[in-house]
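A.B. asks: My questions concern the predicted model and sequence given below.
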Amino acid sequence: MDQRVGIGGPTLVERVQAAVVVLVTNAIPVYGVLRLHWSVANVVVLFWIENLLVAAFTCLRIAVHRALTRKRGHWRSGQLAASSSDAVGRGASLLGDYARIAFVFTLAHGVFVLAIVAILAHDQAGEPDWQFSWTALRHGALLLVGVLGAGFLADLPGMRERPFAWVRFVVQQRMGRVLVLHLAIIFGMMAMSATHSALGLLFVLIGLKTAWELATTRAAAPMTDRPPAWALRLGERFGRDKGGAEGLAREWMRDAEASRRRAAEDEETMPA
């Protein structure tokens, strides 16, 4: 029988709720540009602010879940790596690991975003698309706080009953946001150059970001006890010095068993 290592993905209701939050947050800049005449410069900075707010609300989710459940996984080191370690102690924490990665990368990315906006605002001084407005930015940021705050409040009921696998999935789901925004800006600049319009940048940003966030509202396929056929073929062809397909299958089985064991340990309740 094919056993699988579960990762605590979201339920259908949670996926629908997450999709609604994604669609509303991404509709805010579209509405701002088309109806409120926000500039593209404001929207680019607003996307960065959204990343910052998402990191803050994710930290709140981790902290609340840890306080209510005291699941062992909150204190296991390496939860954000490809595979977590067996070390559990006061020095390790999912909250600390996530906050350090999320805020360092987001703040560093903010320097990149602000530099692009400043350069283009200088080079395109006569273009209204690159005129920055603090008022528009404040309105957009308040709307984002409202939507993301509502999503956080919707997660609170039943938080005590949620497994650690749920909060781990939420954290991993958000780790790719900074990279996606970075790539969206690069491809958006290419689109702007090709179309000679700042709207090219805007719609590439919105399109890639929305596609990524909707795709990640669903959990990835869990790890099986046996590698897929294509992996076995590659192992037989290129890994004969390590036992070929049979060696790969044994190593895969050991990793699956270790992942299953760690997942069960993560759900244990730590003493107060």
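C.D. replies: On my side now, so go ahead. Quick caveat: nothing in here was measured; it's all calculated off a predicted structure.
A.B. asks: Which residues outside the helix or strand hosting Leu205 are in contact with it?
C.D. replies: Per DSSP states H and E, Leu205 falls inside helix 198-215. With contacts defined as C-beta atoms under 8 Å, 6 or more residues apart in numbering, helix 198-215 is touched by 19, 22-23, 26, 29-30, 33, 39-40, 43-44, 47, 124, 127, 129-130, 176-177, 180-181, 183-185, 187-189, 191-194. To be clear about C-beta, it is placed using only N, CA and C from the backbone, and glycine gets the same treatment.
A.B. asks: pLDDT below threshold where in the stretch 151-272 of the chain?
C.D. replies: Residues of the stretch 151-272 of the chain meeting the criterion pLDDT under 70: 178, 181-182, 185, 189, 192-193, 195-200, 218-223, 225.
A.B. asks: Helices of that one, start to end?
C.D. replies: 164-174, 177-195, 198-215, 229-238, 244-266 (DSSP state H, counting those that start in this stretch).
A.B. asks: To Pro157, which of the ones you listed lies closest?
C.D. replies: Closest of the helices of the stretch 151-272 of the chain to Pro157 is helix 164-174, at 13.4 Å (criterion: C-beta to C-beta).
A.B. asks: Render the CA-only coordinates of the closest one in CSV, please.
C.D. replies: Once non-C-alpha atoms are left out, helix 164-174 reads as follows in CSV (Å, rounded to 0.1, in the frame of the first residue of the first chain):
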residue,chain,number,x,y,z
PHE,A,164,1.3,22.4,13.5
ALA,A,165,1.3,21.1,9.9
TRP,A,166,-1.2,23.9,9.0
VAL,A,167,1.0,26.7,10.3
ARG,A,168,4.1,25.2,8.7
PHE,A,169,2.2,25.1,5.3
VAL,A,170,1.1,28.8,5.8
VAL,A,171,4.7,29.8,6.4
GLN,A,172,6.1,27.9,3.4
GLN,A,173,3.3,29.3,1.2
ARG,A,174,4.5,32.8,1.9
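A.B. asks: C-alpha coordinates for the helix holding Leu205, PDB please?
C.D. replies: C-alpha atoms of helix 198-215 as PDB (Å, rounded to 0.1, in the frame of the first residue of the first chain):
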ATOM      1  CA  ALA A 198       4.100  51.800 -17.800                       C
ATOM      2  CA  LEU A 199       0.900  49.700 -17.800                       C
ATOM      3  CA  GLY A 200       2.900  46.800 -19.200                       C
ATOM      4  CA  LEU A 201       4.900  46.700 -15.900                       C
ATOM      5  CA  LEU A 202       1.700  47.000 -13.900                       C
ATOM      6  CA  PHE A 203      -0.200  44.100 -15.500                       C
ATOM      7  CA  VAL A 204       2.800  41.800 -15.500                       C
ATOM      8  CA  LEU A 205       3.200  42.500 -11.800                       C
ATOM      9  CA  ILE A 206      -0.500  41.800 -11.100                       C
ATOM     10  CA  GLY A 207      -0.700  38.800 -13.400                       C
ATOM     11  CA  LEU A 208       2.400  36.900 -12.100                       C
ATOM     12  CA  LYS A 209       1.600  37.800  -8.500                       C
ATOM     13  CA  THR A 210      -2.000  36.700  -8.700                       C
ATOM     14  CA  ALA A 211      -1.200  33.400 -10.500                       C
ATOM     15  CA  TRP A 212       1.500  32.500  -7.900                       C
ATOM     16  CA  GLU A 213      -0.800  33.300  -4.900                       C
ATOM     17  CA  LEU A 214      -3.700  31.300  -6.300                       C
ATOM     18  CA  ALA A 215      -1.500  28.400  -7.200                       C
END
